[in-house]
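J.: build me a model:
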Amino acid sequence: MDNELLTRRFEIESKLFYLDFKENPNGRYLKITEKSGDKRSFIIVPEGGLNSFVKEITEIVNETTKL
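T.: Below you'll find the model as predicted:
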């Protein structure tokens, strides 16, 4: 069973997003869930990859503001 450590929920346009930082016997991870209507999609980012993940997103945000 996974242990939930932190959670956040927010809405962008008509989509709900959940950020759940959890841990299990394999380690800690961030689960990002998108809910739109009856559909749910999610990705898992291991704790060791969070800094790289945030860095890449930050770079994309910075580059799109220049377009």
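J.: which residues in this structure form helices?
T.: 50-64 (DSSP state H).
J.: spatially nearest residue to the residue nearest the centre of it, not counting backbone neighbours?
T.: With distances taken as C-alpha atoms, centre = their mean, Ile32 lies nearest the centre of the chain, 3.0 Å away. Leaving aside its sequence neighbours, Ile32 sits nearest to Ile43 (C-beta to C-beta, 6 or more residues apart in numbering; 5.2 Å). Yep, even glycine has a C-beta here, placed from its N, CA and C like the rest.
J.: quick one: that neighbour and Asp20 touch, right?
T.: No. Assessed by C-beta atoms under 8 Å, Ile43 is found out of contact with Asp20, at 11.5 Å.
J.: so what sits against both of these two?
T.: Here Ile43 and Asp20 share the contacting residues Lys31, scored by C-beta atoms under 8 Å, 6 or more residues apart in numbering.
J.: list the contacts of stretch 51-60.
T.: With C-beta under 8 Å, 6+ apart, stretch 51-60 has contacts from Leu30, Val45.
J.: make 119 the first number, not 1, from now on.
T.: Yes, from this point I'll number from 119; that puts the last item at stretch 169-178.
J.: per-residue confidence averaged over that stretch?
T.: For stretch 169-178, the mean per-residue pLDDT is 98.
J.: how far away from the center of its chain is it?
T.: How far stretch 169-178 lies from its chain's middle: 12 Å, per C-alpha atoms, centre = their mean, to the nearest Å.
J.: could you do stretch 145-165 as well?
T.: Worked out by C-alpha atoms, centre = their mean, stretch 145-165 lies 6 Å from the chain centre.
J.: show residues contacting that stretch.
T.: Under C-beta under 8 Å, 6+ apart, the answer for stretch 145-165 is 123, 132-141, 166, 168, 171.
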